[in-house]
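[1] Sequence below, structure please.
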Amino acid sequence: MLILHVHARVKPEAVEAFRQATIENARQSRREPGVIRFDVARQIDDPTRFLLVEMYRDAAAQAAHKETAHYRIWAAAVADLLAEPRSRATYVAVDPPEQDW
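    Coordinates of the predicted model:
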């Protein structure tokens with residue numbers, strides 16, 4: 001299982017547009033066969049900061065996600081909304097739950 005934490009800081013005037021576009025991307029992403037989980041969170045003390053927590057069955061599923069139409073639409077839609085480039089950290093589960101991923 002691959003886990004990504006994607007950090008995004010958006011322009012203050014773009015918070016709502018980013019939120020809407022990202023929620024739609026998350027909804028579509030959850031339908032992908034290789035996606036285990038796809039969550040969107042906003043930082044409490046700084047509403048311009050978002051965290052995407054993405055969980056994939058494997059690296060191939062994560063690569064396939066980046067090829068989807070909805071990901072490409074999202075990436076284009078949010079490009080000008082960002083205050084700085086997104087950053088990400090990739091993790092591997094060391095104690096995955098007892099489920100058939």
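
[2] Only C-alpha atoms from now on, for both contacts and neighbour counts.
    OK.

[3] mind listing what D58 touches?
    Applying CA atoms under 8 Å, 6 or more residues apart in numbering, we find D58 in contact with 1-2, 34.

[4] Out of those residues, give me the one that has the most neighbours.
    Ranked by neighbour count (other CA atoms under 10 Å), the contacts of D58 have G34 at the top, with 21 neighbours.

[5] What's the separation between that one and D46?
    32 Å (CA to CA, to the nearest Å).

[6] Also A8?
    For A8 relative to D46 (CA to CA), the value is 12 Å.

[7] So which bits of the longest helix along the chain are buried?
    Longest helix in the chain by number of residues (criterion: DSSP state H): helix 15-29. Of the residues in helix 15-29, 15, 18-19, 21-23, 25-26, 29 count as buried by neighbour count, 16 or more other CA atoms under 10 Å.

[8] Do me a favour and average the pLDDT over it.
    When pLDDT is averaged over helix 15-29, the result is 98.

[9] just to revisit the earlier point, go through the contacts of D58 and say which is closest to E84.
    Within the contacts of D58, the smallest distance to E84 is 24.8 Å, found for L2 (CA to CA).

[10] Which residue is the nearest non-sequential neighbour of P33?
    Distances taken as CA to CA, 6 or more residues apart in numbering place A61 nearest to P33, at 7.9 Å, with adjacent residues excluded.

[11] Doesn't that neighbour belong to a helix?
    Yes: counting by DSSP: H, G, I helix; E, B strand; the rest coil, A61 is found in a helix.

[12] Phi, psi for T90 please.
    Per-residue torsions, T90: phi -110, psi 130 (degrees, to the nearest 10).
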